[in-house]
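A.B. asks: Everything below, folded, please.
(3 chains)
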Amino acid sequence: MKPPPFIYHDPRTLAAALRLLGTLDNAKLLAGGQSLAPMLNFRYVLPDHVVDLNRVDELAGVRIDGRRIRAGAMTRQRALEKDASLARLCPILREALAEVGHFQTRNRGTIGGSLAHLDPAAELPGVMALYDAEIEVASAKGRRTVPIRDWSRGYMTPNLEPDEIVTAVSWEPWQDRHGHAFLELARRRGDFAIVGVGCLLALDARDVVKRAAISLVGVAYGPVRLAAAEERLIGAAFDAPAVEAAAAEARRLEAKSDLYASGAYRQRIAGVLVARALQKAYERARG
Amino acid sequence: MDKRAISLTVNGRPVTREIETRRHLADFLRHDLGLTGTHLGCEHGVCGACTVLVDGEAVRSCLMLAVQADGREVVTTEGLAAPDGTLSALQQAFRDKHGLQCGFCTPGMLTTLTAFLRENPDPSEAEVRDAISGNLCRCTGYAGIVEAALAAAKRMREQS
Amino acid sequence: MDRPRSIGAAVKRLEDPAILAGRGRYVDDLSLPGMLEVAFVRSSEAHALIRNVDTESARALPGVHAVLTLKDLGVDRRMVQANPHALLRQDITQYPLARDEVCYVGETIAMVLAESRYVAEDAAALVQVDYEPLPLVVDVREAARADAPRVHRDSPDNLAARIPWKIGDAEAAFRSAPHVFRESYVQHRGGCHSMECRGVVASYDAFSEQLTLWSSTQSPYLIRRFLAEYLERDESRIRVVAPDVGGGFGPKAAHYPEELALALAALRTGRPLKWIEDRREHFLATTQQRDQLWDVEVACDASGKVLAIRGRALHDHGAYVPYGLLLALGSVVNFPGPYAIPAIDVAIDVVFTNAVPTTPIRGAGRPYANFILERTMDCVARNLGLDRAEVRRRNLVRPEQMPYATGGKLPNGKPVMFDSGDYPAALELVLRNADFACWGERKRQAAERGRRLGFGISCYNEDTGLAPFEGATVRVFPSGKVVVTSGAGAQGQGVRTILAQIAAGQLGVKPEDVSVEIGDTARFPMGMSTVGSRTTVTAGSSAHLAAVEVRDKAMRLAAELLECSSADLELADGAVRIKGVPERKVTLGELARRLAGQVNVPSPAGFSPGLEATAYHAVERPVYANGANVAVVEVDPETGRVAVVDYYVAHDCGTLVNPPLVDGQIVGGVAHGISNVLFERMVYDRETGQPQTTNYGEYLLVSAPEMPRMHLSHMETPSPWNPLGVKGAGEGGTIPCLAAVVSAIEDALGAKVNEYPLSPERVLELAEKG
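C.D. replies: Okay, the predicted model is just below:
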């Protein structure tokens, strides 16, 4: 289980990284390495070149510009977790990050790496989906922004060309009084979720839902939003039938089967977790 | 063969070596530097036995290339005791509380908990269990390890 | 027996300081000048003929020293059978490298010797193996059918052995029994997963004609014997060393193709060679325990007294028989467990499958048997509407029946006898600790809060300290240093500490002043294996006997030197001294110097040379540890997720030599059991025979947050059958755990659970089946 031979590159700037990526054949980008390194050790991937982004300083760090948060792709998961402003502006991020691997892997793992690797059960894409985040990508030819709903193109396949690099992800935190919850069912602490559910609920002064976002991971290849359920919750009484209606929509999602869980079980867990997450988010919003 | 010269600090000592770039940090520490206290249990980042401190942060050395440690400060299990060989409070607590049996997971437990206790000097038992959730042990059932971490935390609090 | 103070003391482990400082010595820490590293080419097919192995491009790779197949090793024989047995119908072991047929994915085909493991793996990927696929079978039920594909092309069928185990007249009991109940059970225990994988360094020194093999093994002496037999070399020319072993759990007791292949290649090339198993190889090539399927009938009376058990089982044995029938035997010969059941008729079919061979893992078949017995007790209780504890009370062997003959026979023809123990008292103790009397109420209260609790009970006993022997030498050097050498090995349990404590107690020194040298065939003449919870009983008793002899010798010589009666002497602080006159003394070092001899000076009359003694504790029959466990689980009824919240153990392994070390064995054993029930499942694809779970994302082991609160209590009923009164403790945590946890889940669900492992999804399915 030793990495295969490759040529290693460690550019210092994004421009240099993009140039390399534009010219090298069969190159693989190395971000935090918490998914790529095992794949190299197993020789599941056999790149001729590895382009390490860890010394591209401009890709790391969180900026808060007015109402928008922008996290550089190479921002470590652990840095996001420790960031006090983020904890205040979008506490669900810390709640979800606690479920991402273990603190040793979060010390290396990056938000851009999570988005680009796009494991179906990865928590961070699920959180980003709640905020309708935008993913910034660049290549030697230019830059573009991809809304998260267009990000997944299939199993572990993001909307990213071979010569493109994820540079950042940005999102607008909710300003209104709101509650959050991120819940998942995993076999053990730190395992990839069988199903994970993120939920944000904003309430008006009378505790009526005025904005809702529910996303699921582990069910499909990418994060899924429960758009219809969100719509129905807004302005309606937050009661057991409302919660059950959202859960029922989650149970109707098409869910994948694999070695760990059947699609039917995933649907069922999706329903359970959506109900629990809604309840928890609502309680937190009411304070 | 793609090679690079790297310079880093390991357990306080400066080290310069030419290495193959695909070599992971654990093999570099073990076989190039002879620091065999760092163990490889799975080489895919799950068991935690290879955990070392890079710039003070606990990371899997099987998931990091040695070349990526260029310019960094690495501490391995050999670097946890005082220069005169006195075991750290955590190491001593592992002995006192029977926190190891075969000893293979131990280096990763020690480095992980060293980093954890620095940030969490007064953890609950559940927090300790969470901190080592990414470190597998087949021998102990974790009880002695958790006890050792709590005892070490207490001792360090008393000393500071 | 008067017990030295060091026995029963919480002596800190002698092993720890080096390991904690990062100075442990595991096999991969060894580096020899000129050493090459080895990677194996392994079968990608579950069953195939090998038409051709093309090594040309691999050999051409820079840094590659050689690529070897069986032919290149110059041998054409299968490996030695480790444990021959009369019932073994098809004794098929592997070749060190495959000859022309491969029978599981992962079987060794060729080996690459290169300057580094990196290059060796590069080259291994370039070796082209031309396979002709053969029909295959990995499911044990399918494999047992008459028309099943043959696991070995030339076999008449897939039956390796059929093992019967009969006590009393079960047929008569079933004819007349008031009640007969039937159940089927599916068990699956998973792999070894010591945190250190296997590893071998082999070195041949032509000058001294000495072959040295360092292996992460539980059985250095057996490996030496098997190598000697296969290589046709004297054992005196082979040295096998087990350095620090990073966990063994049973599979490291077996002899593996890689050990033999490295020895052969080292002899052939003259180069020191190292092979370190990586985790993927551990999944593909280290022995496992997988499925055992049971159909069981129980005959009982209305009071719940069990009159007979009849059972038929299929055992998934994997592709070869490297280790005899020990695992399957252990699954049947331990009936009737701790119960006084007059009639037993069980039989197990040992069936080949195209999968990794199976050999004992912690418990060695006993957990399978215990599961059947304990689930049967629950089955009787359920069907008769009786309390589960009460059914056990009515069936446990009672203390006044000790020593108790089960009616079974040991391999040497002697009756199976339990030596000692108060089995009902252990049950009462654990029930009291777990507050059993209030269970019903606690469960109801929890249910009112929407929590579903379950309580499971399991009793067990275990034959420990297995035959035939271990030995030890206790030696005092003129420096005063006490050294214990033994043929026993270690795998992390603290054997060094235990042997030091035992010797120190007799010799009046501190345990930390005793050096213990074990696991090296050059240090001691004979040894067996560190398996079967036997080391403290066998090697410990030997060290005790030897230390007593050394002590007597020291006292006798000191009496002559000090001109007094040895009755007036005491041994303390490394010296023999006159009681009440501590300044009149002679140190152990001085006594050792006298007995070490001087040229042309006769030794003291009546004394053999050296202040040393060697003893072998021979075991005629095992001694029985026992205990009772209670598991408390909470099941999330919506998701099926199970949390084991509390776990209670009452345990009796006789004299406790070092209580924290015993606790460590028990808690670790329970963790293994919980891991088996809730997490570990080795999956093979039925069509292709490909293993599906080959990393720690796919194959799960219990981690710290999933462990329950542990509540341990000890009883100490010394065994009358060894000088220390000790019984083994290494497996007693695991054996009853599977049944206890499954029983608790069943209780929580109110639905029958006759299987493990249990995923949350499966728990929900079972709950709904009712």
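A.B. asks: List the residues that contact the residue nearest the centre of chain C.
C.D. replies: Geometric centre of chain C, nearest residue: residue C:250, 3.6 Å, by C-alpha atoms, centre = their mean. Neighbouring residues of residue C:250 by C-beta atoms under 8 Å, 6 or more residues apart in numbering or on different chains: C:192, C:218, C:287, C:359-362, C:364, C:531. For the C-beta atoms, the positions are set from N, CA and C on the backbone; glycine is no exception.
A.B. asks: For chain A, what's its nearest residue on chain B.
C.D. replies: Nearest residue of chain B to chain A: residue B:134, at 2.8 Å (C-beta to the nearest C-beta).
A.B. asks: how about that residue, secondary structure?
C.D. replies: Under DSSP: H, G, I helix; E, B strand; the rest coil, residue B:134 falls in the coil class.
A.B. asks: Leaving out sequence neighbours, find the closest residue to it.
C.D. replies: In space, and not counting its chain neighbours, residue B:134 is closest to residue A:102: 2.8 Å by C-beta to C-beta, 6 or more residues apart in numbering or on different chains.
A.B. asks: near chain A, which residues of chain B?
C.D. replies: B:1-2, B:4, B:21-24, B:27, B:43-45, B:48, B:51, B:57-60, B:62-65, B:67-68, B:112, B:115-116, B:130-131, B:133-134 (C-beta under 8 Å from any C-beta of the partner chain).
A.B. asks: Distance of residue A:167 relative to residue A:53?
C.D. replies: Remark: distance between residue A:167 and residue A:53 (C-beta to C-beta, to the nearest Å) = 10 Å.
A.B. asks: Now do the shared contacts for those two.
C.D. replies: Both residue A:167 and residue A:53 are in contact with A:59, A:73, A:112, where contact means C-beta under 8 Å, 6+ apart.
A.B. asks: so what's the spatially most central residue of chain B closest to, chain neighbours aside?
C.D. replies: By C-alpha atoms, centre = their mean, chain B has its centre lying nearest to residue B:111, at 2.7 Å. Excluding its sequence neighbours, the residue lying closest to residue B:111 (C-beta to C-beta, 6+ apart) is residue B:51, at 4.6 Å.
A.B. asks: dump the residue contacts of that neighbour.
C.D. replies: Per C-beta under 8 Å, 6+ apart, neighbours of residue B:51: A:104, B:58-61, B:107-108, B:111-112, B:135.
A.B. asks: how about the helix or strand containing residue C:503, does it reach chain B?
C.D. replies: If you go by DSSP states H and E, residue C:503 is part of helix C:495-507. No. Under the criterion of C-beta under 8 Å from any C-beta, helix C:495-507 makes no contact with chain B; the nearest approach is 10.4 Å.
A.B. asks: CA atoms only for the helix or strand just after that helix, dumped as PDB, please.
C.D. replies: Following helix C:495-507 in sequence order, the next helix or strand is strand C:514-518 (DSSP H and E). C-alpha atoms of strand C:514-518 as PDB (Å, rounded to 0.1, in the frame of the first residue of the first chain):
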ATOM      1  CA  VAL C 514      13.700  -9.400  36.800                       C
ATOM      2  CA  SER C 515      14.500  -9.600  33.100                       C
ATOM      3  CA  VAL C 516      12.200 -11.800  31.100                       C
ATOM      4  CA  GLU C 517      13.400 -13.200  27.800                       C
ATOM      5  CA  ILE C 518      10.700 -14.900  25.700                       C
END
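A.B. asks: Pairing partners for strand C:514-518, with directions?
C.D. replies: strand C:482-486 (parallel) (DSSP bridges).
A.B. asks: Now for residue 41: which residues touch it?
C.D. replies: All of this refers to chain A. With C-beta under 8 Å, 6+ apart, residue A:41 has these contacts: A:1-3, B:24, B:43-44, B:62.
A.B. asks: um, chain B though
C.D. replies: So residue B:41 contacts B:47-50, B:104-105, B:108, B:136, C:195-197, C:279 (C-beta under 8 Å, 6+ apart).
A.B. asks: now do 6 Å
C.D. replies: Residues near residue B:41 by C-beta atoms under 6 Å, 6 or more residues apart in numbering or on different chains: B:47, B:49, C:195.
A.B. asks: and of these, the nearest to residue C:664?
C.D. replies: residue C:195 (15.0 Å; C-beta to C-beta).
A.B. asks: Tally up the residues packed near the closest one, please.
C.D. replies: By other C-beta atoms under 10 Å in any protein chain shown, the residues close to residue C:195 number 27.
A.B. asks: how much space between it and chain B?
C.D. replies: Distance of residue C:195 to chain B, given as C-beta to the nearest C-beta, to the nearest Å: 4 Å.
A.B. asks: Isn't that residue up against residue B:139?
C.D. replies: No. Assessed by C-beta atoms under 6 Å, residue C:195 is found out of contact with residue B:139, at 7.8 Å.
A.B. asks: Mutual contacts of these two, please.
C.D. replies: Joint contacts of residue C:195 and residue B:139 (C-beta under 6 Å, 6+ apart) are residue C:247.
A.B. asks: Report the secondary structure element holding residue C:624.
C.D. replies: strand C:623-635.
A.B. asks: partners of that strand, with directions?
C.D. replies: Checking strand C:623-635 against DSSP bridges gives partners strand C:452-464 (antiparallel), strand C:642-652 (antiparallel).
A.B. asks: Spell out which parts of the stretch 251-400 of chain C neighbour chain B.
C.D. replies: Contacts of the stretch 251-400 of chain C with chain B, taken as C-beta under 6 Å from any C-beta of the partner chain, map to C:278-279.
A.B. asks: just the helices in the stretch 251-400 of chain C please.
C.D. replies: Taking DSSP state H, counting those that start in this stretch, the helices of the stretch 251-400 of chain C run over residues C:257-269, C:279-285, C:326-332, C:366-384, C:388-395.
A.B. asks: closest one to residue C:292 among these?
C.D. replies: Proximity to residue C:292 (C-beta to C-beta) singles out helix C:366-384 among these, at 5.0 Å.
A.B. asks: now for the closest one, which elements pack on it?
C.D. replies: Judged by 3 or more C-beta pairs under 6 Å, 6 or more residues apart in numbering or on different chains; DSSP states H and E, helix C:366-384 is in contact with strand C:179-190, strand C:289-300, helix C:326-332, helix C:388-395, helix C:737-749.
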